[in-house]
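Asker: any chance you can model this:
(2 chains)
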Amino acid sequence: MKTSQLLIPTLRDDPGEAETVSHRLMLRAGMIRKTAAGIYTYLPLGLRVIRKVETIIREEMNRAGAQELLMPIASPAELWKETGRWNYYGKELFRFKDRHERDFCLGPTHEEVITDLFRREVRSYRQLPLNFYQIQTKFRDEIRPRFGLMRGREFIMKDAYSFDLDEEGARASYQKMYDAYTRIFTRCGLTFRAVEADTGLIGGDVSHEFMVLAATGEATVVYTAEGTYAANLERAEVLPPTRVDDTPPQPLTAVTTPNCRTVEEVTSFLNISPHRLVKTLLYLADNEPVAVLIRGDHELNEVKLARLLGVTDIALADAATVSRLTNAPVGFAGPIGLSGIRIVADHAVSAMRNMVVGANQADTHYLNANWDRDFKVERFADLRNAQAGDPSPRGDGPLILAKGIEVGQVFLLGTKYSKSMNATILDAHGKERYAVMGCYGIGVGRTAAAAIEQHHDEKGIVWPYPIAPFHVHLVPVSQSARTVATAAHLYEVLTEGGIEVLWDDRDERAGVKFNDADLIGAPFQVVVGDKGLADGVIEVKIRRSGAKSRVAPADLVPHLRRLAEELA
RNA sequence: CGGGGCGUAGCGCAGCCCGGUAGCGCGCCUGCUUUGGGAGCAGGAUGUCGGAGGUUCAAAUCCUCUCGCCCCGACCA
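Answerer: Have a look, this model is predicted:
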């Protein structure tokens, strides 16, 4: 393609609205433009990358035995009411009414729609296993869309749904998808890890997320350097403490701690280390107050708490509720004398003696508090976030923390949807059984954005070859007849050689073209100029390394093929 | 939804405090010169100052309401 035939509105300056690298570079390289918050138009260059990622996904999904179909973007409320998600999904579900006042929503995911299709059309176990996928625009009315394509409200997703007769079959389908995902992200040139994950709104028993490791990632992953354990921080297990503090209990003592509300303030005022202190967090769990005890240097994990309490809605209590429950201002809550509310505690607290806690009284804490003696704990459980250096739950070394971008997730759903929607099949004995399902998503735009997060430099994007919008950026460096004619010739030759070329045919200065080429990030730049032509050569620059080589025009295609091999 | 911030030319911003009818850089258009890493000179175009209402002789500037957007948090693939 010629640049004169494509809208590629590159920006010289960083747009003010973009913070992250991928968002900034996608805007600057003229790949996307915002239409509304979290809603983007893909310009030709951006769309080409999206299509590249989609093609890789299609090839691998087809290879794994999945079949492509396309479901509607609008779905009727009835289906969502069958599974209960019409209420459960919350404000993220974008609802609207048609002209007859019937309720609809924009599909944020398609379990209901596909399960409805399945129960209507599939009767026999002989038709299984089945795996359907689509690549389609999803809409989730995110609380806070951000970072460009990384977290949009409208976004392109590949979603797949598998149906099996039994658990064993479902596991095999799950594993196939897991393997396909591994191939897909590898082919996209990403450094990633599959981690154990929470199942969230989708539900189900087993789940893995595919995390692209990048500093700008919104998720935290924990893993071990040598071993195999890797999990989302939301889910990462923390082992109970092995060493118990065996100092003898000391008498409970109240001390004045003026204006010391935070762990930092209390511990520095009392001159103790944070692991001697226990913070008492008051939560509303499905509107029931609960006190949670966590060691001062630890962080509560709300997913674990919600799971332990068996609730769906969990939030830190507001200041008014805290004062009502503790008769004290926020910052001085403690377990002693806290009546009429459940008290749960992290495992680590069970190993502590003579701890410091709030006294439920302004400007006061207790020293030497001991559980059982001074207050009762209903239950000790794993409630905190793992920290770097914690032992792996699999015993394979200390945990490492890193940031990741979740580009895909696979779920073993079990019969959650087939039961609520009565999706049954007949087995070999003529008996009705609920289909055992799995579902599998990939954020297409997010994958492209993640690739930029991992592959860029100060000049711009450095695309991995397989998802680059073009393989070669052809840069004629002057407007001389000879240069232009050579560029036109090379364009033909490269195109015939199956190489995708972006030919910068603008009448711009060399510097402008070079800078745009670096920004757009095609793996190779082919530079044609009078100087080189005088020597009978053209120049090839590798975007990633900056390495330049000179070749005769006739050798260009094989030369590029060789370089592409080396890059892969 | 809570907290913070921003809407002025295509992009980045100044002007607002202290009212007097809009400016800078880049980009864009024309011409000449230039032409291997974001050219020089000369000339030119472009703004309902996010929107509505109010105060005032006069509003980008002050007041009220409203819409949009960004950042942090809660939440989430």
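
Asker: and for the residue of the stretch 51-200 of chain A found nearest RNA strand B, the neighbour number?
Answerer: Closest approach between the stretch 51-200 of chain A and RNA strand B, counting by CB to the nearest atom of the strand: residue A:200, at 2.9 Å. No exception for glycine: its C-beta is placed from N, CA and C like everyone else's. For residue A:200, the neighbour count with other CB atoms under 10 Å is 12.

Asker: okay, it: pLDDT?
Answerer: If you check residue A:200, the pLDDT there is 70.

Asker: so how far is residue A:149 from it?
Answerer: 21 Å (CB to CB, to the nearest Å).

Asker: return the nearest residue of the stretch 251-400 of chain A with respect to RNA strand B.
Answerer: Closest approach between the stretch 251-400 of chain A and RNA strand B, counting by CB to the nearest atom of the strand: residue A:302, at 4.6 Å.

Asker: which helix or strand contains the closest residue to residue A:469 other than its chain neighbours?
Answerer: Residue nearest to residue A:469 in three dimensions, not counting chain neighbours: residue A:48, with 3.9 Å by CB to CB, 6 or more residues apart in numbering. Using DSSP states H and E, the element containing residue A:48 is helix A:44-63.

Asker: tell me the buried residues in that helix?
Answerer: Burial within helix A:44-63, assessed by neighbour count using 16 or more other CB atoms under 10 Å, is assigned to A:45-46, A:48-50, A:52-54, A:56-58, A:60-61.

Asker: likewise stretch A:496-516?
Answerer: Buried, per 16+ other CB under 10 Å, within stretch A:496-516: A:499, A:501-505, A:508, A:513-516.

Asker: still on that earlier bit, just the residues contacting the helix holding residue A:48, thanks.
Answerer: With contact meaning CB atoms under 8 Å, 6 or more residues apart in numbering, helix A:44-63 is reached by A:6-8, A:26, A:29-32, A:42, A:68, A:133, A:135, A:156, A:158, A:160, A:180, A:183-184, A:187-188, A:442, A:444-445, A:447-448, A:463, A:466-470, A:520.

Asker: chain center to that helix: distance?
Answerer: Here the centre of helix A:44-63 is set off from its chain's centre by 19 Å, with CA atoms, centre = their mean, to the nearest Å.

Asker: now that helix: mean pLDDT?
Answerer: In this model, helix A:44-63 has a mean pLDDT of 97.

Asker: using PDB, list the CA coordinates for that helix.
Answerer: Output of helix A:44-63 as PDB, limited to C-alpha atoms (Å, rounded to 0.1, in the frame of the first residue of the first chain):
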ATOM      1  CA  PRO A  44      -6.400   1.300   8.600                       C
ATOM      2  CA  LEU A  45      -3.100   0.600  10.300                       C
ATOM      3  CA  GLY A  46      -4.700  -0.400  13.600                       C
ATOM      4  CA  LEU A  47      -7.100  -2.600  11.800                       C
ATOM      5  CA  ARG A  48      -4.300  -4.400  10.000                       C
ATOM      6  CA  VAL A  49      -2.800  -5.400  13.300                       C
ATOM      7  CA  ILE A  50      -6.100  -6.500  14.700                       C
ATOM      8  CA  ARG A  51      -6.600  -8.700  11.600                       C
ATOM      9  CA  LYS A  52      -3.200 -10.200  12.000                       C
ATOM     10  CA  VAL A  53      -3.900 -11.200  15.500                       C
ATOM     11  CA  GLU A  54      -7.300 -12.500  14.500                       C
ATOM     12  CA  THR A  55      -5.800 -14.600  11.700                       C
ATOM     13  CA  ILE A  56      -3.400 -16.300  14.100                       C
ATOM     14  CA  ILE A  57      -6.300 -17.000  16.500                       C
ATOM     15  CA  ARG A  58      -8.400 -18.400  13.700                       C
ATOM     16  CA  GLU A  59      -5.700 -20.700  12.500                       C
ATOM     17  CA  GLU A  60      -5.000 -22.100  16.000                       C
ATOM     18  CA  MET A  61      -8.600 -22.400  16.900                       C
ATOM     19  CA  ASN A  62      -9.400 -24.300  13.700                       C
ATOM     20  CA  ARG A  63      -6.400 -26.400  14.300                       C
END
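
Asker: domain map for chain A?
Answerer: What automatic domain parsing lists as the domains of chain A is A:15-189+A:413-453, A:253-381, A:470-567.

Asker: looking at the ones you listed, which has the lowest confidence?
Answerer: Minimum mean pLDDT among the domains of chain A: domain A:253-381, a mean of 90.

Asker: next one: it to chain centre, how far?
Answerer: 32 Å.

Asker: again with stretch A:52-72
Answerer: With CA atoms, centre = their mean, you get 20 Å for stretch A:52-72.

Asker: same check, this time on stretch A:146-157
Answerer: On CA atoms, centre = their mean, the centre of stretch A:146-157 falls 11 Å from the chain's centre.

Asker: close to RNA strand B, is stretch A:73-83?
Answerer: No - applying CB under 7 Å from any atom of the strand, one finds stretch A:73-83 separated from RNA strand B by no less than 14.5 Å.

Asker: which residues touch that stretch?
Answerer: The set of residues external to stretch A:73-83 that reach it, using CB under 8 Å, 6+ apart, is A:86-87, A:89, A:93, A:95, A:102-107, A:110-113, A:116, A:136-137, A:139, A:416-417, A:420-421.

Asker: filter the buried residues of helix A:44-63 down to the ones close to RNA strand B.
Answerer: The subset of the buried residues of helix A:44-63 within reach of RNA strand B, counting by CB under 7 Å from any atom of the strand, is empty.

Asker: and the strands in the stretch 451-568 of chain A, which stretches?
Answerer: Under the criterion DSSP state E, counting those that start in this stretch, strands of the stretch 451-568 of chain A are mapped to A:456-457, A:460-461, A:472-476, A:501-503, A:524-528, A:538-542, A:548-551.

Asker: make TSV out of those and add distance to residue A:484.
Answerer: Output for the strands of the stretch 451-568 of chain A, formatted as TSV (distance: least, CB to CB, whole Å):
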stretch	distance to residue A:484
strand A:456-457	30
strand A:460-461	26
strand A:472-476	6
strand A:501-503	10
strand A:524-528	9
strand A:538-542	13
strand A:548-551	19
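
Asker: residue A:329: which of those is closest?
Answerer: strand A:456-457 (47.8 Å; CB to CB).

Asker: ok, the closest one: who's next to it in the sheet?
Answerer: Taking DSSP bridges as the criterion, strand A:456-457 forms sheet pairs with strand A:460-461 (antiparallel).

Asker: next, the contact list for the residue in the stretch 351-500 of chain A positioned nearest to RNA strand B, please.
Answerer: Residue nearest to RNA strand B within the stretch 351-500 of chain A: residue A:443 (3.0 Å; CB to the nearest atom of the strand). Residues counted as contacts of residue A:443 (CB under 8 Å, 6+ apart) are A:155-157, A:406-408.

Asker: using JSON lines, lay out these together with neighbour count, distance to RNA strand B and secondary structure.
Answerer: Shown next, in JSON lines, are those (neighbours: other CB atoms under 10 Å; distance: CB to the nearest atom of the strand, whole Å; DSSP: H, G, I helix; E, B strand; the rest coil):
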{"residue": "A:155", "neighbour count": "21", "distance to RNA strand B": "4", "secondary structure": "strand"}
{"residue": "A:156", "neighbour count": "21", "distance to RNA strand B": "8", "secondary structure": "strand"}
{"residue": "A:157", "neighbour count": "21", "distance to RNA strand B": "5", "secondary structure": "strand"}
{"residue": "A:406", "neighbour count": "22", "distance to RNA strand B": "4", "secondary structure": "strand"}
{"residue": "A:407", "neighbour count": "29", "distance to RNA strand B": "8", "secondary structure": "strand"}
{"residue": "A:408", "neighbour count": "28", "distance to RNA strand B": "8", "secondary structure": "strand"}
